[in-house]
Structure formats: C-alpha cells, structure tokens
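Peer 1: sequence? don't have it. structure:
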C-alpha cells in the first residue's frame, strides 16, 4: 500500500507577494504609492478576485520501515523534473506545512501563529484555540464566517489532456469564468494491494463481456460495446506494467455560509461545460477534506499480531467513493497547471491573471536588481525590447507609465523620447 496526493491550493493569502514587492520600494514617494497599491490588492483578495495558487505533492508509505534515503532521492528527481518544465519548487518543512494547513482551517492571520513546538506533534498545532466545527449535509461550518463544501467527480470526458487541466480553475477566454473563493483541487491515488488478483479479475471480466458479444447481447445492451472497449484498454495497460488504483478527484470550496452554495453551483456549471460532472457530497465533507490533506490517505495501525493499513482513503473506498482505474489514467488529470506568476525574482509590475493569480512582470527581469537572491528558482528571461500596440484610448500610455514607475521604484533610470508629448503631465 502507498498513496500519491497532489493538492492545488488557491488562497487569498497573498501577503508574501505584497511584502516582497514592497521591500524593494524604499524611497518615500514610491513607498507611499506602493502601500496604496498593495492595499488595493488586499481588498480584492478579500472578495475573491485575487489569490495565489500553490501545489503540494506528497507521498505516503504507511510503514516506519521505509527506506528514507530512497524517498529523498525520489523527491530530488521529482523536483528536477518539475523545474525542467517551468515550475518553481521547494521542499516542504514543518513550518511551511503548518502554515498551509492553518490557512485551510481558517487561521489566516500569521501574526497570531504560535511558534512550532518541536516537542509536540504537528496535528496538535494546526487549529486555533477557539476552533469550532459543525458538519451539515451540504457543508462544514467553521466558526460563524467560514463554510467548506466538497465536490466529487462522477463523470469525465472520454478524451482529456494534461494541458487542459488549467480549465479546472476557469477558462481565461470566458469573462468571469473562474473560482471566486478559496479552493482545494485534490487528486489522490491509492495503489491497491493484491494486484495479481485484480488483474485476473479484469481478464475474467473481459472474457465474460466477449462471450456476451458472441451471444448477441450488445443488441439489447448498447453500452456493452463501450464497456468492452474501456475494459480491453485497461487490461492491455495492466499487462504492460500499469497497476490498479483507487482514484479520488475532489474539489473543495471555502467561502461564507451565505455564499458557499452559490459557489458550489457555479463550479458545477463551469465544469459541465468542460465535460466533467461533479456532484456535491452529502454528510461526508469532513472525510473528503481530511482525505485531501497530507499523510491522511493511509496509515499503519499496529495490532497485537502484525499491523493493518487503514486511513481516510480506505474508509471512503468502503463507502463506494473514488474510481477504480489504472495508474496511467492519472497522467491527464494532474492538477499542476495554473496561471503564470511571472519571475519571482523580478518585482516589477504587480498584476493579476484573468483568473485571479497575483503576479510580477517586468520586461527587464531582475537586471535592475543585481543583488537579488536566486535560490531554487528559474533563471529570468529578460527581454529589453518591447512594443506596446493598441487602438487609441486602449491604455498604451498608462501601461508605459506603470513600467516607468515600477522601474524608478526599484532604483532604475528612465529616459523618455516623447514625440507626441503623451508624458508631459505624467
């Protein structure tokens, strides 16, 4: 038994972006302007229009006898692969993990966080001292102002590609087609035991359907042919080394109790346009939420004789949750594609993507910041030549003024050759 979990976390917690951007603007005039700009972004974040998205990847092997050195090598290999395709990566330590979990459970003010106690288990340090929770059929209520609702996938398109996974957070070509609240998009993979028996069962099932074909049963049951095609593909994949898994694909939304139902319905409508059918969970929101968190899918229970693997994934599977499929199916469903964040070493313009991702952008990269630290991030792609084109009144001069202001704010110099005198009063 082992499990893989990929958790995309969309949160209005953007202070680290804003504080880093402010730190480079120290001169009084630019510091005042930057403070007003960051306050504007804070207000937008509170109403769900601005957020930051991170992806948390975790692997659980429920045994203390695991080869830790081998797991660390695998982690380094995965980090190199993700970096090679343009993803900023970092290892998660105890502090980072606690911060992420506290934010999920409504503890967003980091100034109130107590320091981690190394002599106490992490699970006892996640929740606020006054934390309260009530589970209802349609949501989980946390305190008086936070509600959590879980959605589970029951139908997916016949064809889907990994490069389409950003549609899970909205379609940038449709105005307003995004998630206007905090969210978790969870892909959990539980590798099942007894792979030999499962493979034999799939082979037997395929043979049984083939006999039904030969008896002409497909005329009475038209879906039999589609079932056979899917099963034949799965069996062929098992024969070349794929494994049987239980797949959990859930979306968990967080908003106020008054708005959570609207957010849930909006997301279901958005995903139906993409060929996915998500249904709202009933009375098991907490189980689905816990299953999405690190180290919760599987755990090893020590017994008087031997041990037994349990956990949230097995409990949900026993309730009929999740999809039994083959391991190659997850290749196109990894929630790792979001909006561009820009070059994190280049705090130029402070902008947002069409689906709310806060970002930096500068055509000069970090060239104006020679002392910037480049720890575990991609090299900037500086391009000192740009052209701004647009119809009259579309905002060309405004954009150029923003680039100028941003350059001056970090200590750069600007020279303007203004033939049309557009910047006389800037």
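Peer 2: Arrived safely, thanks for sending. If you're wondering where the values come from, they're calculated on a predicted model, not measured in any experiment.
Peer 1: number of nearby residues for the residue lying closest to residue 58 once chain neighbours are set aside?
Peer 2: Using Cβ to Cβ, 6 or more residues apart in numbering and skipping the chain neighbours, the partner closest in space to residue 58 is residue 294 (4.2 Å). C-beta: built from backbone N, CA, C; applies to glycine. Under the neighbour criterion other Cβ atoms under 10 Å, residue 294 is assigned a count of 17.
Peer 1: Then residue 391?
Peer 2: With neighbours defined by other Cβ under 10 Å, the count for residue 391 comes to 7.
Peer 1: Now do whichever strand or helix holds residue 360: everything it contacts.
Peer 2: In this structure, residue 360 sits in strand 358-361 according to DSSP states H and E. Counting by Cβ atoms under 8 Å, 6 or more residues apart in numbering, strand 358-361 makes contact with 14, 17, 21, 41, 45, 50-52, 339-344, 346-353, all of which sit outside it.
Peer 1: any idea how far the residue nearest to residue 58 is from residue 204?
Peer 2: Summarising the geometry, the distance separating residue 294 from residue 204, computed by Cβ to Cβ, to the nearest Å, is 37 Å.
Peer 1: What subset of the contacts of strand 358-361 is buried?
Peer 2: With burial judged by 16 or more other Cβ atoms under 10 Å, the buried subset of the contacts of strand 358-361 is 14, 17, 21, 41, 45, 50-52, 339, 341-344, 346-350, 352-353.
Peer 1: Inside helices: which ones of the residues you listed?
Peer 2: Using DSSP state H, the subset of those located in helices is 17, 21, 41, 45.
Peer 1: Dump these into a markdown table; add distance to residue 413 as well.
Peer 2: Rendered in a markdown table, the data for these read as follows (distance: Cβ to Cβ, whole Å):
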| residue | distance to residue 413 |
| --- | --- |
| 17 | 26 |
| 21 | 20 |
| 41 | 27 |
| 45 | 33 |
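Peer 1: quick one: strands adjacent to the strand holding residue 360?
Peer 2: The sheet places strand 358-361 alongside strand 349-352 (antiparallel), with pairing taken from DSSP bridges.
Peer 1: For the partner strand, the averaged confidence score.
Peer 2: For strand 349-352, the per-residue pLDDT values average out at 92.
Peer 1: Stretch 93-104 now?
Peer 2: Mean predicted confidence for stretch 93-104 is 87.
Peer 1: Mind jotting down where the strands sit in the chain?
Peer 2: 2-11, 52-60, 133-135, 140-142, 146-155, 182-191, 244-255, 277-280, 299-302, 307-310, 323-326, 349-352, 358-361 (DSSP state E).
Peer 1: any idea which of those scores lowest on pLDDT?
Peer 2: Sorting those by mean pLDDT places strand 299-302 lowest, at a mean of 56.
Peer 1: For residue 223, the count of nearby residues, please.
Peer 2: Residue neighbour count, defined by other Cβ under 10 Å, stands at 8 for residue 223.
Peer 1: now residue 28
Peer 2: Neighbours of residue 28 using other Cβ under 10 Å come to 8.
Peer 1: Please list all residues in contact with it.
Peer 2: The neighbours of residue 28, taking Cβ under 8 Å, 6+ apart as the test, come to nothing; the list is empty.
Peer 1: Now do it against residue 207, distance only.
Peer 2: Here the distance between residue 28 and residue 207 works out to 79 Å (Cβ to Cβ).
Peer 1: can you check residue 42 too?
Peer 2: Residue 42 sits 62 Å away from residue 207 when distances are taken as Cβ to Cβ.
Peer 1: Residue 155 contacts residue 276, correct?
Peer 2: Yes. Checked against Cβ atoms under 8 Å, the pair residue 155 and residue 276 is within contact range at 6.8 Å.
Peer 1: okay, those two: which has more neighbours?
Peer 2: residue 276 (20 against 11).
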